[in-house]
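1. The sequence isn't on hand, but the structure is:
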Ligand SMILES: C[S@@+](CC[C@H](N)C(=O)[O-])C[C@H]1O[C@@H](n2cnc3c(N)ncnc32)[C@H](O)[C@@H]1O
């Protein structure tokens, strides 16, 4: 634990700092903070999140360095928190969100304490499918108040993503396109979990719809967009 962490981060577990420094470095190279924020802003609007009441209690799970928390704060959400396993990524968040070092399969927050939970690019990091996903979705449902909403944005094996995978295999393209190279490194370092996720889309979708009533369930340009409600 770093000095200064006591104010910035709350620890539910020790976390996994530098669990894969190469992956974390590629993640840093993949997008600038500004590019990331612009992408998140656009997404939140298209998912209808911009219309939520600003006093909603929001959790961003698998939040990484917290760029989405910045966007939520800019949009006027005041009650926001982030959870991630990596203290080194969490430390990069410069906003005022409450930050937890924790495993999203075991969320140490009380029942029904959130109105909205968002995950972007996190669920596909869960190692054991479908069990870990079931655990994580169960935890999300538990911390959501009745009628609360979830939004997930995760990889999906659309024709576009197949093309991207093909491009990742072409060295000259990777040399010419640093972003493609960073993506290829990330995919390579999470290969087993990532392709396991992509090969089980139907099962994942069925499980997710068992936990949450789907309001939006769409796949386009390599992403799965899901918005659901906790009923009752
Ligand atoms: C691709 S990053 C996504 C970060 C952020 N949501 C974004 O879109 O920029 C995946 C994140 O999941 C975190 N992570 C992986 N497994 C986790 C777990 N079981 N619990 C909490 N965080 C986890 C990693 O540390 C990493 O920051």
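-> Ah, there it is. Predicted model only: the values in this text are computed from it and were never measured. Numbers count the residues shown, from 1 in each chain.

2. buried residues in stretch 84-92?
-> 84-91 (16 or more other C-beta atoms under 10 Å). (Each C-beta comes from the backbone N, C-alpha and C, glycine too.)

3. Need these in a markdown table (columns: pLDDT, secondary structure and distance to the ligand).
-> Conversion of the buried residues of stretch 84-92 to a markdown table gives the following (pLDDT from 0 to 100; DSSP: H, G, I helix; E, B strand; the rest coil; distance: C-beta to the nearest ligand atom, whole Å):
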| residue | pLDDT | secondary structure | distance to the ligand |
| --- | --- | --- | --- |
| 84 | 96 | strand | 5 |
| 85 | 93 | coil | 4 |
| 86 | 89 | coil | 4 |
| 87 | 91 | helix | 9 |
| 88 | 87 | helix | 9 |
| 89 | 88 | helix | 5 |
| 90 | 93 | helix | 8 |
| 91 | 91 | coil | 12 |
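
4. quick one: which of those is nearest residue 13?
-> residue 85 (7.4 Å; C-beta to C-beta).

5. Residue 134: which of the buried residues of stretch 84-92 is nearest?
-> Closest to residue 134 out of the buried residues of stretch 84-92 is residue 85 (18.7 Å), distances taken as C-beta to C-beta.

6. The closest one - nearest residue in space that isn't next to it in sequence?
-> Spatial nearest neighbour of residue 85, excluding adjacent residues (C-beta to C-beta, 6 or more residues apart in numbering): residue 16 at 4.9 Å.

7. ok, how many other residues are close to that neighbour?
-> Neighbour count for residue 16, taken as other C-beta atoms under 10 Å: 14.

8. Widest-spaced pair of the buried residues of stretch 84-92?
-> Those two in the buried residues of stretch 84-92 that are separated most widely, counting by C-beta to C-beta, are 85 and 91, at 12.9 Å.

9. give the contact list for the nearest residue to residue 82 once chain neighbours are set aside.
-> Leaving aside its sequence neighbours, residue 82 sits nearest to residue 63 (C-beta to C-beta, 6+ apart; 3.4 Å). Residue 63 is in contact with 69, 82-84, 90, 93, 99, 122, counting by C-beta atoms under 8 Å, 6 or more residues apart in numbering.

10. What of residue 208?
-> 133, 137, 152, 214, 226, 228.

11. Pretty sure residue 107 sits in a strand.
-> No: with DSSP: H, G, I helix; E, B strand; the rest coil as the criterion, residue 107 is located in coil rather than a strand.

12. on that earlier part again, let me know the closest of the contacts of residue 63 to residue 204.
-> residue 122 (13.2 Å).

13. How many residues are close by the closest one?
-> The burial count for residue 122: 21, using other C-beta under 10 Å.

14. follow-up on the earlier one: out of the contacts of residue 208, which sit inside strands?
-> 152, 214, 226, 228 (DSSP state E).

15. which two in these are spaced the farthest apart?
-> The largest separation in these, counting by C-beta to C-beta, is between 152 and 214 at 10.5 Å.

16. Would you mind giving me the confidence score for residue 20?
-> With respect to pLDDT, residue 20 scores 78.

17. Would you mind measuring from the most centrally placed residue in the chain to residue 57?
-> Nearest to the mean C-alpha position of the chain, counting by C-alpha atoms, centre = their mean, stands residue 120 at 2.7 Å. Applying C-beta to C-beta, to the nearest Å, one obtains 18 Å for the distance of residue 120 from residue 57.

18. Just the terminal-to-terminal distance for stretch 119-135.
-> One end of stretch 119-135 to the other measures 15 Å (C-alpha to C-alpha, to the nearest Å).

19. I'm done for today, thanks for sticking with me.
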